[in-house]
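Peer 1: need the 3D shape of this:
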Amino acid sequence: MGLNENIRNNIRQVEPYVPGEQPQNKVIKLNTNENPYAPAPGVEQALQSMDLDRLRLYPDPTAELLTQSLADRYKVDKDQVFVGVGSDDVLSMCFLTFFNSDKPILFPDITYSFYKVWADLYRIPYECQKLDADFHICKEDYYKENGGVIFPNPNAPTAIYENLDFVEDIIRHNQDVIVIVDEAYIDFAGKSALELISKYDNLIVVQTFSKSRSMAGMRIGYAISNPTLIKYLNDVKYSFNSYTMNQTSLVCGAEAVKDETYFKETVNKIVETREWGKEQFKELGFEYPESQANFIFVTHPKLDAKQLFTALKKANIYVRYWESERIEQYLRVTIGTKEEMETFFSFLRQYIAEHGGR
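Peer 2: Purely as a prediction, here's the structure:
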């Protein structure tokens, strides 16, 4: 039965975000920027020792166990931390809370594609600012009047990191609006904008447990800012869903934050494999922007990206491909274990030998 036109006209319709594939069979999975290593050992211990009786009760709506752990880790006050169900949940709450101007918000044209989805969902006007020919943000594009600014650093899918002076320049030129720096991949890069929180009261920094902390399946994200902006976020959260964080995530998240040694070891292993991977790509004739994330954004002048993507998938090696303007000849390759990457590069060498040109 077709919907009545009046009903259809009053339905909120958006173009949804399309996540990377999640194959259930055993594959080499290099398509969604997950961490190839297990979470910190204490997380498993926390799971095994959990009081199952707690699961019949609602979790702490303030998520104090986790917010306090994060506050201690980043040397801020507890009321400067907001947590949510992955950084997607946190960012969505930020859009809903802070981007309510009639002026357009600004973000890059090649970036995390969820930004457009949230803007459309919440009826927020937006303008995409074009990256330059080398996929860098042009900071001058963010000097104009706007209703807010958001950008990832490092950016995705390009993997490019902009230094802290560059980031501060954008914040300094936008002190009348909220600026969100989305730092999902910052632990693989350089200095965080968290250093600027006490200097700019319009800054929100968002991070996640999904990448460097190996907990994508737990769905934990967080924002750090000043107490005033965090209070506004919590006001919206309590009006929307008071119990966003489940008990298991709270316990395991707090445990993961404690083990700084394991965290650094895991990050270092990924960075080392990434740097080795760059050399492998170069030897095979691939080109890429300088990566400072846990993935590399690659293209090959003699290979068609979609055909290569399809061939990899047939070999049970999953990478990410978009049929989008300007990046239709690029693949985003997550850094897996050294063994996974060796298998991946072995496939590439064979593929290139058989398909030398387009």
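Peer 1: now for Leu96: which residues touch it?
Peer 2: Remark: with contacts taken as C-beta atoms under 8 Å, 6 or more residues apart in numbering, Leu96 is in contact with Trp118, Tyr122, Val236, Phe240. The way it works is simple: take the backbone N, C-alpha and C, and place the C-beta from them, glycine included.
Peer 1: let me have these in a markdown table, extended by pLDDT.
Peer 2: Listed next are the contacts of Leu96 as a markdown table, based on pLDDT from 0 to 100:
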| residue | pLDDT |
| --- | --- |
| Trp118 | 96 |
| Tyr122 | 95 |
| Val236 | 95 |
| Phe240 | 85 |
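Peer 1: can you pull out the helices in this structure?
Peer 2: 5-9, 41-48, 64-74, 86-98, 114-121, 164-172, 227-240, 247-258, 260-283, 305-314, 338-354 (DSSP state H).
Peer 1: run through this structure and note the low-pLDDT ranges.
Peer 2: Along the chain, segments meeting pLDDT under 70 span 1, 6-7, 10-11, 17-21, 23-25, 356-358.
Peer 1: who's the closest spatial neighbour of the residue sitting nearest the centre point of the chain, skipping the chain neighbours?
Peer 2: Closest to where the C-alpha atoms of the chain average out (C-alpha atoms, centre = their mean) is Ala184, at 4.0 Å. Nearest residue to Ala184 in three dimensions, chain neighbours excluded: Thr208, at 5.0 Å (C-beta to C-beta, 6 or more residues apart in numbering).
Peer 1: that neighbour contacts Asp187, doesn't it?
Peer 2: No. Look at Thr208 against Asp187 with C-beta atoms under 8 Å: they stay out of range, at 9.8 Å.
Peer 1: looking only at neighbour counts, state which of these two leads.
Peer 2: Taking other C-beta atoms under 10 Å, Thr208 and Asp187 do not tie; Thr208 has more neighbours (25 against 20).
Peer 1: ok, Arg56 to Asp102 distance?
Peer 2: Distance from Arg56 to Asp102, counting by C-beta to C-beta, to the nearest Å: 46 Å.
Peer 1: and if you look at Gln207?
Peer 2: 30 Å.
Peer 1: out of those two, which sits in the busier spot?
Peer 2: Neighbours of Gln207 and Asp102, each counted by other C-beta under 10 Å, are more numerous for Gln207; the result is 26 against 7.
Peer 1: my understanding was that Gly86 contacts Gly217; is that so?
Peer 2: No. Under the criterion of C-beta under 8 Å, Gly86 is not in contact with Gly217, lying 10.1 Å apart.
Peer 1: the two: which has the busier surroundings?
Peer 2: Using other C-beta under 10 Å, the more surrounded residue of Gly86 and Gly217 is Gly86, with 20 against 12.
Peer 1: check contacts around the more buried one.
Peer 2: Thr208, Ser210, Ala216, Arg219, Ile220, Gly221.
Peer 1: ok, now with 6 Å
Peer 2: Contacts for Gly86 (C-beta atoms under 6 Å, 6 or more residues apart in numbering) come out as Arg219, Gly221.
Peer 1: what's the closest non-adjacent residue to Gly42?
Peer 2: Counting by C-beta to C-beta, 6+ apart, Glu255 is the residue found nearest to Gly42 once chain neighbours are left out, at 4.3 Å.
Peer 1: circling back: quick check: the residue nearest to Ala184 touching Gly221?
Peer 2: Yes. Counting by C-beta atoms under 6 Å, Thr208 sits close enough to Gly221 to count as a contact (4.6 Å).
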